[in-house]
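>>> Pasted the sequence and its predicted model underneath.
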Amino acid sequence: MERGSLLYEGKAKKVFATPNPDQVIQYFKDDATAFNAQKRGTIFEKGIVNNKISTRLFELLNEAGIPTHFVEELSDREMLAKHVSIVLLEVVVRNRATGSLVKRLGLEDGMVLDPPLLEFFYKKDELNDPLVTEDHIRLLKLADESCLAQMKTLAFKINDVLTPFFKSRGMLLVDFKLEFGFYKDQLILADEISPDTCRLWDIKSGEILDKDRFRKDLGRLEETYQEVLKRVSA
Ligand code: TMP
Ligand code: ASP
């Protein structure tokens, strides 16, 4: 499919127009950033791997009745998606305490969170994507009551689909980040789900199988992304 004009460029993806105004092309780059782009690098073929992993996971979620922006995989690095208006929130679901939660609250790393914990972050690079409460979200008018309720319900449903899926492939879904958008008044899941946006630990060895390898300079980046793709595709 012909790529039209560049509508948006993020840290890991570009979004292009298509001849159909209701659809866009998501192009996955190899660029990796961390700490609000203070750390930059590339991971060989990450874009290809993340496109394939996201495709598989969106297909799985669509089959489970969760509305997503995914339409079809177009090429190695391109996904056709519904053209949404993005809600300026990152929705994080956590099954174990780690990352920023541990830093913020001083919890033990790896602590089981039952029930899972949901957090909202304001998508605003200038402010370093701060954690926001539901009252902050109302104050900033980032989402109305119905949108908030739907995001929470969908995020927990997605956790209920993805957790057993990853478990059956030997991976613990520690936490993940979602972005939602409106498509013709319907709230649907957008963006991507990949080792860039999830934390995945090998169930047997505890080995880190996600972007924390880049954030923490743990090495074996390409191999790890390829390993997750292999397991997700099996
Ligand atoms: P955190 O522990 O750093 O808050 O991250 C929670 C989850 O969100 C983790 O799976 C990584 C993901 N994440 C992103 O997808 N993008 C980001 O910019 C950040 C900070 C985290
Ligand atoms: N997306 C983050 C950034 O702003 C990095 C991260 O995922 O930690 O660079």
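Looks like it arrived, so ask away. None of the values given here were measured: they were computed from a predicted structure. Residues are numbered from 1 along each chain as shown. Ligands and ions are numbered 1, 2, ... in the order given.

>>> Tally up the residues packed near the residue of the chain at minimum distance from ligand 1, please.
Nearest residue of the chain to ligand 1: Gly99, at 2.3 Å (Cβ to the nearest ligand atom). All C-beta spots, glycine's among them, are computed from the backbone N, C-alpha and C. Close neighbours of Gly99, defined as other Cβ atoms under 10 Å, add up to 16.

>>> Touching, Thr197 and Leu189? I think so.
No - Thr197 is beyond contact range of Leu189, at 11.6 Å (criterion: Cβ atoms under 8 Å).

>>> Smallest gap between this protein and ligand 2, at which residue?
Taking Cβ to the nearest ligand atom, the chain has Thr33 as its residue nearest ligand 2, at 3.4 Å.

>>> Now do the contacts for that residue.
Counting by Cβ atoms under 8 Å, 6 or more residues apart in numbering, Thr33 makes contact with 11-12, 39-41.

>>> Same question for the longest strand along the chain: list its buried residues.
Counting by DSSP state E, the longest strand found in the chain is strand 171-183. Residues of strand 171-183 classed as buried by neighbour count (16 or more other Cβ atoms under 10 Å): 171-181, 183.

>>> ok, residues contacting the longest helix seen in the chain?
In the chain, assigned by DSSP state H, the helix with the most residues is helix 145-167. Residues from elsewhere that reach helix 145-167, judged by Cβ under 8 Å, 6+ apart: 57, 60-61, 64, 66, 87, 89, 91, 93, 95, 116, 118, 134, 137, 143, 172-173, 176, 178, 180, 187, 189, 193, 200, 203.

>>> right, quick check: it against ligand 1, any contact?
No - using Cβ under 6 Å from any ligand atom, helix 145-167 stays clear of ligand 1, with a minimum separation of 11.7 Å.

>>> Can you give me the buried ones in that helix?
147-148, 150-151, 154-155, 158-159, 161-163, 165-166.

>>> If I look at Glu2, what pLDDT would I see?
Per-residue confidence for Glu2 comes out at a pLDDT of 87.

>>> What is the most widely separated pair among the buried residues of strand 171-183?
Comparing every pair within the buried residues of strand 171-183 by Cβ to Cβ identifies Leu172 and Tyr183 as the most remote, at 31.8 Å.
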